[in-house]
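Engineer: here is a sequence together with a model predicted from it:
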Amino acid sequence: MALDVSSRIGSGPAMPVMAVTAPSERVDREHERLLEKFNQAVRHPEEFGGLSTVASLLDRIAVSEPRTAGSVWIPDTNARLAPSAMLRGAFPDSDIYVIASQYGEDAHRRGWLRLDRTLTPAEHSVVVDGAVAWSETDRSLPEIVAEFGPPSVTFGPQAPRRPKTLTYATADRAAPVVAFHLGAAQAEPSAEEQMPASAALLAVRVHDDFFDGWELTPFGLDRFH
């Protein structure tokens, strides 16, 4: 709001008009700034101080919003047989992006994750219904994108040979967020190859049902710890 203090006192000079920002506007701006930083950090945690920074940003975002008493910012479930818990620490070179994607999924449930692509319900059904069976054989990064299109979010570097997680989500925040976890390309590209080797699929998780909510590829099974 603007505070007009330009009225004259006697014959003195007019005072300048000062703009005063309302407290609610300052809060909104800070909230927006934190959301922007979180969405950068969760995609590239290694460039922002690691996963602890991501958790700290989530905590700061939540301060001005209703939250469950006693909640802490760790990936949602620690149930021993939940696929999300089993995948944490299973693939050392990819672990930071596996966990970042779980933070991202938690943020999506609260409307804080900005999607690069929002799937339509029909597109989302194709991924949810087909991802597990499709991942029973070894797959690569280009094959995932060719089959399901660009991801909603990529957690990790864009370089095609590097580890990363691709997630697919819709506007329905309660719907499954499908995560494809990829490890680094194993083979060095040769001069004869028309296309260089790319990141290889390790596992896919659709939801936390132990029996049909996830799948390890043969490549992933060989590396599962």
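Structural biologist: Perfect, I can see it now. Numbering: from 1, shown residues only.
Engineer: closest to the centroid, which residue in the protein?
Structural biologist: Ranked by distance to the mean C-alpha position of the chain (Cα atoms, centre = their mean), the top residue is residue 104 at 3.4 Å.
Engineer: tell me the spacing between that one and residue 132.
Structural biologist: Here the criterion is Cβ to Cβ, to the nearest Å. By it, residue 104 lies 20 Å from residue 132. (C-beta placed from N, C-alpha, C; glycine too.)
Engineer: helix, strand or coil: sort out residue 108 for me.
Structural biologist: helix (DSSP: H, G, I helix; E, B strand; the rest coil).
Engineer: what's the neighbour count on it?
Structural biologist: Number of residues near residue 108 (other Cβ atoms under 10 Å) recorded here: 20.
Engineer: just the strands in this protein please.
Structural biologist: Secondary structure of the chain (DSSP state E): strands at 2-3, 18-19, 153-155, 164-168, 178-183, 200-205, 214-216.
Engineer: make JSON lines from the ones you listed and add mean neighbour count to it.
Structural biologist: Below are the strands of the chain laid out as JSON lines (neighbours: other Cβ atoms under 10 Å):
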{"stretch": "strand 2-3", "mean neighbour count": "8"}
{"stretch": "strand 18-19", "mean neighbour count": "8"}
{"stretch": "strand 153-155", "mean neighbour count": "23"}
{"stretch": "strand 164-168", "mean neighbour count": "26"}
{"stretch": "strand 178-183", "mean neighbour count": "27"}
{"stretch": "strand 200-205", "mean neighbour count": "26"}
{"stretch": "strand 214-216", "mean neighbour count": "21"}
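Engineer: can you tell me which of those strands is nearest to residue 122?
Structural biologist: strand 164-168 (12.7 Å; Cβ to Cβ).
Engineer: note down every partner strand of that closest one and its orientation.
Structural biologist: Partners of strand 164-168 in the sheet, by DSSP bridges, are strand 153-155 (antiparallel), strand 178-183 (antiparallel).
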